[in-house]
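Peer 1: Predicted model, plus sequence, below.
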Amino acid sequence: MKTTENIFDDTAIIVSDGCCVQLANNPALDDVTFEIKKGKKVAVVGPNGGGKSTLFNAIAGLVPIINGSLKINGMSPKDAKGTISYVPQRDLINRNFPLSVKQVVEMGLINKNTLNLFSRKEINLKIKEALTNVGLSEKINENINNLSGGQFQRVLIARGLAQDADILLLDEAFSAVDVGAQEDIMSLINDINLDGKTILVATHDLNNLEKNFDEVLCLNRHCCAYGDPAEVLTEDVIEEMYGSHYEMFKYHTSEKHEKNND
Amino acid sequence: MIEVLVEPFKYEFMIRSIITAVASGIMLSTLGPFAINRNMGFMADAMAHATLPIIAVGVFLGFSISELGVPASVLIAVFLGYIIKNSNVGEDTAIGIIFSSFFALGFVLISVLNVTINLEDLLFGQILAVSRFDVFIVVSMCVVVVGLMVVFFKQLLFYSFDPIGAEVKGLNTNFLNYLFLVVLSVAIVASLQTVGIILVLSMLLIPAAASKLVTNTFVFSIYVSIIFGTFSSVSGLYLSYFYNLPSGPTMSLVATGIFIICFFVNKLKKVKIQ
């Protein structure tokens, strides 16, 4: 039986050592250092423009690192392409295309050598398995434009599962979905994590980080803190990220609400 | 009825025209669904207009429009792709600048080089005047364009739907971007003789837009778009033959007619569902 204890090993799967990224000659990430172990669930938090998406783009090999180093499984991000599955922010996906759920999940099985000339049997099996894992097997032929925001997010996660990537990057996975869908996605992330995948989720939601994630990476162009959410989300760190809004975040925790209800 | 249908085949020029119309119809309407879903209508229009200076210089040097087709289209696609990617003025603005400046340059070159080009034919097409060589070029380009789309269909679809996801997956997105631009440009330039610079856009976009209204899946929309595009081309040609109408504009109007029917079919479907 899989437990959260035995899926972790001490292998560092993502190692950032003084990583610097520039966008349009402005520093987007400056001297960012952290080390993520295999099988961890990591929340990446920070203000808008704080570098969450830039970090994901750097890990995915989409932007060059101008200083320091970033290694994925010991490889440069460019060489590690294919071992990472990236679910970008939804507005970066062109939903004009009237695609079926099946076609989107199948994209996880496409690589640079894929031509439109393959047998379907194995592909169909993998698609079915991935959709079963995200609880959407009955929607296999549904048009993606008929899905809710939460369901569409799960389809994109299924695409990552079909790819069988070691690392899953979810950018703003909880944005524009209702609370129920957020819980469904989080429960799905927990299930995937039990299979040993390393999962990074960029989020603005600071609620329940302790409950849902093993570690939190706090970014505001530089790494403000990294580690156990219970330890690193201090008043100083939150102020470093968001300015003087600590009281607001402190109030908006489920524990606080529970206390208030008592 | 059959007599009416076969009557145009008595003339060799009509046989050539019909083959060209079918090849153009298939080629443009295969690419159309990708173009409309990627909002590339303006880009396609710019590609058509940007051919003018190349045609002017080519004709001045003694080449025909068909001979210039492939090199001109590759040149335009690579140039447009490069400028859009590397200028910081926004895609639409960059396309607009290239569109207008190239078209203007074309007219200036026609005047300066004193080239004899029938502008009306260039703008609205002259399918009845296609030579055997023109037919060979258009049919060859149709085979190449459709072949490339079949082979790279899955990769192009992934890239068009989620360019970031495709790049992270390890697909060569730069290649796919230029591949589609070149294929689109080849289809447009090869079809200039059929419907001309102005109307090539209608044959690219209208059958695809009509098919999107009456289909539910992307792959099916491509098949239906091909049927609409081919039907518009051939029936437009027949109508122009029997009623002495300009062929390119008639093809476009048939396509528009199909679009209007699909529009109402789509509305009726929605009303029935409600």
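Peer 2: Everything's here; your move.
Peer 1: rest of the way, CA atoms for contacts and neighbours
Peer 2: OK.
Peer 1: so how many other residues sit close to residue A:113?
Peer 2: 11 (other C-alpha atoms under 10 Å in any protein chain shown).
Peer 1: what sits up against stretch A:97-117?
Peer 2: A:82, A:123, A:127, A:130-131, A:139-145, A:155-156, A:158-163, B:37, B:150-155, B:158, B:161, B:169-172, B:216-218 (C-alpha atoms under 8 Å, 6 or more residues apart in numbering or on different chains).
Peer 1: Which of those fall within helices?
Peer 2: Among the contacts of stretch A:97-117, the residues falling in helices (DSSP state H) are A:123, A:127, A:130-131, A:155-156, A:158-163, B:37, B:150-151, B:153-155, B:158, B:161, B:218.
Peer 1: Give me every residue in the stretch 1-150 of chain B that's in contact range of chain A.
Peer 2: B:37, B:38, B:150 (C-alpha under 8 Å from any C-alpha of the partner chain).
Peer 1: which of the residues you listed count as buried?
Peer 2: The neighbour count (16 or more other C-alpha atoms under 10 Å in any protein chain shown) marks residue B:37 as buried among the residues of the stretch 1-150 of chain B next to chain A.
Peer 1: from the residues of the stretch 1-150 of chain B next to chain A, which single one is nearest residue B:79?
Peer 2: Each of the residues of the stretch 1-150 of chain B next to chain A was checked against residue B:79 using C-alpha to C-alpha; the closest is residue B:38, at 19.1 Å.
Peer 1: List the residues that contact the closest one.
Peer 2: Residue B:38 sits next to A:94, A:96, B:160 when contact means C-alpha under 8 Å, 6+ apart.
Peer 1: where along chain B do the helices fall?
Peer 2: With DSSP H as the criterion, chain B has helices at B:2-6, B:12-37, B:41-49, B:51-60, B:65-86, B:91-112, B:119-124, B:132-151, B:153-161, B:163-168, B:173-190, B:192-214, B:218-243, B:247-273.
Peer 1: could you give the mean pLDDT of the last one?
Peer 2: pLDDT averaged over helix B:247-273 equals 92, rounded to a whole number.
Peer 1: hmm, it touching chain A?
Peer 2: No - applying C-alpha under 8 Å from any C-alpha, one finds helix B:247-273 out of contact with chain A, separated by at least 14.4 Å.
Peer 1: now that helix and helix B:192-214, what's the angle there?
Peer 2: 0 degrees (axes from the mean of the first three to the mean of the last three C-alpha atoms, to 10 degrees).
Peer 1: quick one: buried residues of helix B:247-273?
Peer 2: So for helix B:247-273, counting by 16+ other C-alpha under 10 Å, buried means B:247-256, B:258-259, B:262-263, B:266.
Peer 1: ok, now the fifth one?
Peer 2: Applying a neighbour-count criterion of 16+ other C-alpha under 10 Å, the buried positions in helix B:65-86 are B:65-70, B:72-74, B:76-78, B:80-81, B:84.
Peer 1: The second one too?
Peer 2: Along helix B:12-37, the positions that meet the burial threshold by neighbour count (16+ other C-alpha under 10 Å) are B:13-14, B:16-37.
Peer 1: roughly how far out does that helix sit from the chain middle?
Peer 2: Chain-centre distance of helix B:12-37: 8 Å, with C-alpha atoms, centre = their mean, to the nearest Å.
Peer 1: For residue 38, grab phi and psi.
Peer 2: Going with chain A. Phi and psi for residue A:38, reported as degrees, to the nearest 10, are phi -60, psi 140.
Peer 1: meant chain B, my bad for not saying
Peer 2: phi -100, psi 10.
Peer 1: how near is it to residue A:183?
Peer 2: From residue B:38 across to residue A:183, the span is 33 Å (C-alpha to C-alpha, to the nearest Å).
Peer 1: what's the answer for residue B:30, then?
Peer 2: Distance, residue B:30 to residue A:183, by C-alpha to C-alpha: 42 Å.
Peer 1: repeat for residue B:40
Peer 2: Taking C-alpha to C-alpha, one finds residue B:40 at 38 Å from residue A:183.
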